[in-house]
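**Student:** Let me see the structure of the following:
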Amino acid sequence: MLRIGINLGDVMIEGSDLYGDGVNIAARMEGLSEAGGLCISGSVFEHVSGKVPYSFAGIGPQMLKNIDRPIHVYRLAKRRPAQTVRAQG
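**Tutor:** Below is the predicted model:
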């Protein structure tokens, strides 16, 4: 099942390879995502909060492999199924 990690940070491109903390953080957050889920870093949260029709739940600062500082991570909040409304007639 798909898992997604999104981070806003520096990326270096060499040929077809991508390097840098921006890529590493996103890759590590992928592992924190639930199956079918999405995690975003604090930097992304600051940019999208209140601007997208989704809500996020903070899971706190996380120490990620090969990253020297904790990264605040947010998970996409589960949405409740829409209620079915029947037309009266």
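**Student:** Please make it C-alpha for all contacts and neighbour counts, starting now.
**Tutor:** OK.
**Student:** looking at the chain, which helix or strand is least sure?
**Tutor:** Every helix and strand of the chain was ranked by mean pLDDT, DSSP states H and E. The lowest is strand 17-19, at a mean of 85.
**Student:** Neighbouring strands of that strand in the sheet, and parallel or not?
**Tutor:** Looking at strand 17-19 with DSSP bridges, its partner strands are strand 12-14 (antiparallel).
**Student:** State the mean pLDDT of the strand it pairs with.
**Tutor:** Here strand 12-14 scores 91 as its mean pLDDT.
**Student:** Stretch 55-65 now?
**Tutor:** When pLDDT is averaged along stretch 55-65, the result is 94.
**Student:** Name the residues of it that come out as buried.
**Tutor:** Counting neighbours by 16 or more other C-alpha atoms under 10 Å, one finds that the buried residues in stretch 55-65 are Ser55, Phe56, Gly58, Leu64.
**Student:** so how many other residues sit close to the residue lying closest to the first one once chain neighbours are set aside?
**Tutor:** Right, Ser55. Across the structure, with C-alpha to C-alpha, 6 or more residues apart in numbering as the measure, the residue nearest Ser55 apart from its sequence neighbours is Ala77 (5.5 Å). The number of residues packed near Ala77 is 14, by other C-alpha atoms under 10 Å.
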